[in-house]
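Following is a predicted model, sequence given first.
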Amino acid sequence: MKYNNKPVYFNKLAQNIIDATPDFVQSNKYVVVEPALTSFEPDEVITHDDLINFLTDVDNSLDQISVLPLAEIN
């Protein structure tokens, strides 16, 4: 079974890593503060799925990117 062209196992593993990080605030969307050597741009808005996909790539971790949760007012 695949989700976003990646095996579901890797997506669950990435979510488990986020869940186990106590100082990470989860959100539906994030603003990229410091993209470092990623394909993201500064101030780019990414979804939670984008972050999961980033984490499922080889050698990527939360230490490589700085994001802030985006609070949207409807």
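It's in. Numbers count the residues shown, from 1 in each chain.

Please count neighbours and contacts with C-alpha atoms only from this point.
OK.

is it true that V32 touches D50?
No. With contact defined as C-alpha atoms under 8 Å, V32 does not reach D50; the gap is 11.3 Å.

okay, these two: which has more neighbours?
V32 (20 against 15; other C-alpha atoms under 10 Å).

quick one, phi psi at that one?
phi -80, psi 120 (degrees, to the nearest 10).

ok, what's across the strand from it?
Beta-bridge pairing of V32, defined through DSSP bridges, involves V67.

centre of the chain versus the longest helix anywhere in the chain, how much separation?
Of all the segments of type helix in the chain, defined by DSSP state H, the longest one is helix 8-19. Helix 8-19 has its C-alpha centroid displaced from the chain centroid by 10 Å (C-alpha atoms, centre = their mean, to the nearest Å).

What segments of the protein are helices?
8-19, 48-56.

Could you identify which of these is most buried?
Ranked by mean neighbour count, the helices of the chain are led by helix 48-56 with a mean of 18 (mean count of other C-alpha atoms under 10 Å).

Next, the angle from it to helix 8-19.
Following axes from the mean of the first three to the mean of the last three C-alpha atoms, to 10 degrees, one obtains 100 degrees for the angle between helix 48-56 and helix 8-19.

Helix 48-56 - contacts with which helices or strands?
The contact analysis (3 or more C-alpha pairs under 8 Å, 6 or more residues apart in numbering; DSSP states H and E) places helix 48-56 against helix 8-19.

Which strands or helices does the helix it packs on pack on?
With contacts defined as 3+ C-alpha pairs under 8 Å, 6+ apart, helix 8-19 has these neighbours: helix 48-56.

what comes into contact with the helix it packs on?
The list of residues contacting helix 48-56 from outside it, by C-alpha atoms under 8 Å, 6 or more residues apart in numbering, reads 4, 6, 10-11, 14-15, 26-30, 60-62.

can you dump the C-alpha coordinates of it into PDB?
Provided in PDB are the C-alpha atoms of helix 48-56 (Å, rounded to 0.1, in the frame of the first residue of the first chain):
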ATOM      1  CA  HIS A  48       1.700  18.500   7.100                       C
ATOM      2  CA  ASP A  49       1.800  16.000   4.200                       C
ATOM      3  CA  ASP A  50       4.600  17.900   2.600                       C
ATOM      4  CA  LEU A  51       6.600  17.700   5.900                       C
ATOM      5  CA  ILE A  52       5.900  14.000   6.100                       C
ATOM      6  CA  ASN A  53       7.100  13.400   2.600                       C
ATOM      7  CA  PHE A  54      10.200  15.400   3.300                       C
ATOM      8  CA  LEU A  55      10.900  13.200   6.300                       C
ATOM      9  CA  THR A  56      10.400  10.000   4.400                       C
END
